[in-house]
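Provide a 3D model corresponding to the input given below.
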Amino acid sequence: MKISATALALASLTGLCYSFSTNKQPTFKSIRPASSTAILSATVEEAATYADPSRYLSDHPNNNVPPHIAALVGKGLHTRPDHPIGIIRAKIQEYFASLPDEYIVYDAEDPIVTTKQCFDDLRIAPDHPGRSPSDTYYLDDTTLLRTHTSAHQSEHLRSGADCFLCAGDVYRRDEIDSSHYPAFHQLEGVKLFPKEDMSGADGLAGDDWENSPECKVIGDDLKKVLEGLMDHLFGETEKKWSEDYFPFTTPSYELEIKYEGEWLEVLGCGVVHEEVLAMADRGDRRGWAFGLGLERLAMILFEIPDIRLFWTDDERFHSQFKEGEITKFKSYSKFPPVFKDIAFWIPEGFVENDFFEMARGIAGDMVERMELIDEFTNPKKGKTSKCYRITYRSMDRSLTNEEIDALQDELRDTVVNLGVEVR
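Reported below is the predicted structural model:
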């Protein structure tokens with residue numbers, strides 16, 4: 001079974017993760033791989049409490065975490081040794097264990113973070129769309145479900161960590177298709193360089209720093225490490241670098257690899273911005289950071305066609321995978337889809353993500369895809385109409401028209417709460 005590399009390239013599971021911090025200090029367990037480098041795995045007993053949905057649901061007026069999202073938190077797919085997400089995470093950790101530097105691995109941190117951790121500490125502007133309740137799940141005014149693992153970056157830097165990896169589940173409202181899901185997993189890495197190696201750049205900032213030999217040393221090391229990671233995961237493959245922009249790194253880069261004859265974006269990275277380091281009380285140091293989406297890599301390497309499969313409890317899925325092995329997924333069923341259309345006049349300020357989230361809340365994972373198929377504006381009324389086609393399909397059984405009609409009727413009744421006028 002082949003997956004279109006072009007389709008995978010559209011997934012939003014790439015880009016540099018950002019970080020956030022926990023309120024509880026982790027304990028450390030030393031893991032000694034076959035190499036001479038030790039990786040320390042951070043674990044917390046409190047992680048078991050993350051699976052309690054009541055932690056994320058409340059009557060606070062700004063809480064927009066729906067029950068179906070709260071039920072996903074704490075499943076720990078990235079820590080399961082025989083799950084595709086956990087296998088990819090372990091492969092990445094294995095690679096970093098082979099490097100000369102010793103990396104601490106954080107993989108059991110509280111998914112609840114503050115706006116300061118998730119946004120302010122990473123120079124993400126107050127008006128950035130990622131802060132919007134249409135993009136982010138808020139528990140109240142100042143706490144949320146992390147939107148990236150980088151929400152923990154400043155905390156770990158402040159604690160004195162120089163080299164670390166951080167993996168975990170993250171949450172964002174998003175469109176609905178085979179490569180987008182509101183819960184997914186990221187892994188980020190950070191490395192700070194010894195002060196003496198960067199002494200020639202003491203006092204430099206802005207363009208002077210970016211044009212310095214020391215900044216180039218960091219960038220070259222970053223690219224070398226990440227190219228080695230891609231070879232470790234995919235075998236030797238052609239690679240391409242391009243400049244990018246992230247508020248928390250400068251300069252910033254994007255890495256693409258050639259896979260099945262097409263170029264795929266696989267991660268974002270860069271030299272950690274001096275202001276990010278200063279806010280973490282590490283202004284005297286320099287270093288790099290990268291981030292990647294684990295689902296994206298797993299979909300490519302295991303040839304898994306639908307992101308929803310990672311969350312299934314079906315043994316026909318889980319029985320196909322073993323710890324440490326990358327095997328091609330064999331489809332065990334393909335149940336027929338049911339298509340339903342819904343059209344409505346939209347109010348000013350209508351946000352698609354709110355509509356998508358409403359559909360997920362009603363039909364859950366039976367919603368496979370939602371796509372805009374028609375849009376027009378009535379010049380006399382000055383109103384705009386949108387028509388969406390919803391694809392319903394279960395991964396486990398055939399759906400009946402009757403049950404989907406009931407879900408569609410509920411959606412038509414509920415969508416008016418967004419201020420739309422159903423046609």
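
so where's the chain uncertain?
Applying pLDDT under 70 to the chain flags residues 1-47.

longest helix in it, by residue count?
Secondary structure assigned by DSSP state H gives helix 213-234 as the longest helix of the chain.

buried sites along that helix?
Of the residues in helix 213-234, those with enough neighbours to count as buried (16 or more other Cβ atoms under 10 Å) are 214-215, 217-219, 222-223, 225-227, 229-230, 233-234. In this view, the C-beta of every residue, glycine as well, is placed from N, C-alpha and C.

give the contact list for residue 239.
With contacts defined as Cβ atoms under 8 Å, 6 or more residues apart in numbering, residue 239 is in contact with 227, 230, 255-258.

any idea how far residue 259 is from it?
Separation of residue 239 from residue 259 (Cβ to Cβ, to the nearest Å): 11 Å.

before we move on, what about residue 396?
For residue 396 relative to residue 259 (Cβ to Cβ), the value is 30 Å.

out of those two, which sits in the busier spot?
residue 259 (19 against 14; other Cβ atoms under 10 Å).

quick check: beta-bridge partners of that one?
For residue 259, the residues forming beta bridges with it (DSSP bridges) are residue 262.

go ahead and confirm it touches residue 300.
Yes - counting by Cβ atoms under 8 Å, residue 259 sits close enough to residue 300 to count as a contact (6.5 Å).

those strands in the stretch 201-350 of the chain, which residues are they?
Secondary structure of the stretch 201-350 of the chain by DSSP state E, counting those that start in this stretch: the strands cover 239-246, 249-259, 262-272, 286-293, 338-346.

flag every buried residue along the second one.
This points to strand 249-259. Of the residues in strand 249-259, those buried under the neighbour-count criterion (16+ other Cβ under 10 Å) are 249-257, 259.

equivalent analysis for stretch 79-97, please.
Applying a neighbour-count criterion of 16+ other Cβ under 10 Å, one finds 79-80, 83-97 buried in stretch 79-97.

quick one: contacts of that stretch?
Counting by Cβ under 8 Å, 6+ apart, 31, 33, 35, 37-39, 77-78, 103, 105, 107-108, 165, 167, 185, 187, 189, 228-229, 232-233, 294-295, 297-298, 301-302, 304, 310, 318, 321-326 sit against stretch 79-97.

can I get the buried part of those as one ChimeraX selection?
In ChimeraX, a selection of the buried entries from the contacts of stretch 79-97 looks like this (16+ other Cβ under 10 Å):
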select :39,77,78,103,105,107,108,165,167,185,187,189,229,233,294,295,297,298,301,302,304,310,321,326
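
closest to residue 275 among the buried residues of helix 213-234?
Using Cβ to Cβ, residue 215 is the member of the buried residues of helix 213-234 that lies nearest residue 275, at 14.9 Å.

how about stretch 128-148: buried residues?
Buried residues in stretch 128-148, counted by 16+ other Cβ under 10 Å: 131, 134, 136-139, 143-148.

so what's the spatially closest residue to residue 135 that is not a sequence neighbour up against?
When the adjacent residues along the chain are set aside, residue 135 lies closest to residue 173, with 5.4 Å between them (Cβ to Cβ, 6 or more residues apart in numbering). Residues touching residue 173, when contacts are defined by Cβ under 8 Å, 6+ apart, comprise 134-137, 182, 353-354, 356-357.

one more time with 7 Å, if that's ok
Applying Cβ atoms under 7 Å, 6 or more residues apart in numbering, we find residue 173 in contact with 134-135, 182, 353, 357.

quick one, phi/psi of it?
phi -70, psi 140 (degrees, to the nearest 10).

cool, the one 10 residues further on as well?
Torsion angles at residue 183 (phi, psi; degrees, to the nearest 10) stand at phi -130, psi 130.

distance of it from residue 92?
Note on residue 183: its distance to residue 92, by Cβ to Cβ, is 20 Å.

one more: residue 176?
Taking Cβ to Cβ as the measure, residue 176 falls 28 Å from residue 92.

cool, and residue 308?
Residue 308 is 23 Å from residue 92, where distance means Cβ to Cβ.

now the strands for the stretch 51-200 of the chain?
Using DSSP E, counting those that start in this stretch, the strands of the stretch 51-200 of the chain run over 104-106, 112-114, 143-145, 163-171, 183-193.

does residue 393 really touch residue 368, like I thought?
Yes - A contact is recorded between residue 393 and residue 368 when judged using Cβ atoms under 7 Å, the distance being 4.4 Å.

overlap in contacts of those two?
Counting by Cβ under 7 Å, 6+ apart, the residues touching both residue 393 and residue 368 are residue 337.

how many residues are close by the residue nearest to residue 178 when sequence neighbours are not counted?
Ranked by Cβ to Cβ, 6+ apart and with sequence neighbours excluded, the top spatial neighbour of residue 178 is residue 306, at 4.7 Å. If you count neighbours by other Cβ under 10 Å, residue 306 ends up with 19.

what does residue 385 give?
Residue 385 is flanked by 17 other residues according to other Cβ under 10 Å.

just confirm it is within a strand.
Yes - judged by DSSP: H, G, I helix; E, B strand; the rest coil, residue 385 forms part of a strand.

from residue 371, how far off is the closest residue to it other than its chain neighbours?
Nearest residue to residue 385, sequence neighbours excluded (Cβ to Cβ, 6+ apart): residue 345, at 5.3 Å. Separation of residue 345 from residue 371 (Cβ to Cβ) stands at 19 Å.

okay, those two: which has more neighbours?
Relative neighbour count places residue 345 above the other of residue 345 and residue 371, with 17 against 12, counting by other Cβ under 10 Å.
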